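Chemist: pasting a predicted model and its sequence here:
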Amino acid sequence: MVANQFDHAKQQQQKWSLIMIDIDEFKQYNDYYGHVAGDQLLKVFVDIINKILPPNVLFARYGGEEFVLITQDDQAMSLAEELRQRIEHANLEHLGRDLKRVTASFGVVTYTNEETVEELLHKADENLYMAKRSGRNRVYAS
């Protein structure tokens, strides 16, 4: 789906941004509460995000506790920050980590004509890990 959206945006010369999201310290959540509770957390997490997404945004699970959002406007950074705050303010308990609540980190990248979808995904992933290395519960874009 990401590749199809990318190809369409490229052909139409549309603005296109990708947001990669990862639940912070999800492994510790599973270790502390168990995998059934981890699956429940994923559902709650998705519900929080779905409630505020504009209709033109593609939202998909990328793997494990990682998700991607694709938006065709200039609002990727503000959308990512709004989602980050909503997740943080949901006050979902996470006693398996020092912070004691669930947070998420975000990597944002905006399409430019010379990039492939693989390069774009790689940049978003790098930005996501920069957010994590910078302390988690952050939005990072390059």
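Modeler: Yes, it's here.
Chemist: packing partners of the helix or strand hosting R61?
Modeler: If you go by DSSP states H and E, R61 is part of strand 58-63. Here strand 58-63 touches helix 2-12, helix 35-50, strand 66-71, going by 3 or more C-beta pairs under 8 Å, 6 or more residues apart in numbering; DSSP states H and E. Yep, even glycine has a C-beta here, placed from its N, CA and C like the rest.
Chemist: okay, now the sheet partners of it, with direction.
Modeler: With DSSP bridges as the test, strand 58-63 is paired with strand 66-71 (antiparallel).
Chemist: give me the contact list for the partner strand.
Modeler: With contact meaning C-beta atoms under 8 Å, 6 or more residues apart in numbering, strand 66-71 is reached by 2, 5, 16-22, 46, 49, 53-54, 56-62, 76, 79-80, 124, 128.
Chemist: swap the cut-off to 6 Å and go again
Modeler: 5, 17-22, 57-62 (C-beta atoms under 6 Å, 6 or more residues apart in numbering).
Chemist: ok, then the element right after that strand?
Modeler: Later in the chain than strand 66-71, the nearest helix or strand by DSSP H and E is helix 76-89.
Chemist: can you show me the CA trace of that next one as CSV?
Modeler: Extracted in CSV, the C-alpha atoms of helix 76-89 (Å, rounded to 0.1, in the frame of the first residue of the first chain):
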residue,chain,number,x,y,z
ALA,A,76,2.7,15.7,8.8
MET,A,77,4.7,17.3,11.6
SER,A,78,1.7,18.9,13.3
LEU,A,79,-0.3,15.6,12.9
ALA,A,80,2.6,13.6,14.4
GLU,A,81,2.9,16.0,17.3
GLU,A,82,-0.8,15.9,18.0
LEU,A,83,-0.8,12.1,17.9
ARG,A,84,2.2,12.0,20.3
GLN,A,85,0.4,14.3,22.8
ARG,A,86,-2.9,12.3,22.6
ILE,A,87,-1.1,9.0,23.3
GLU,A,88,0.9,10.6,26.2
HIS,A,89,-2.2,12.2,27.7
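Chemist: and that helix, how far from the chain's centre?
Modeler: Taking C-alpha atoms, centre = their mean, to the nearest Å, one finds the center of helix 76-89 at 9 Å from the center of the full chain.
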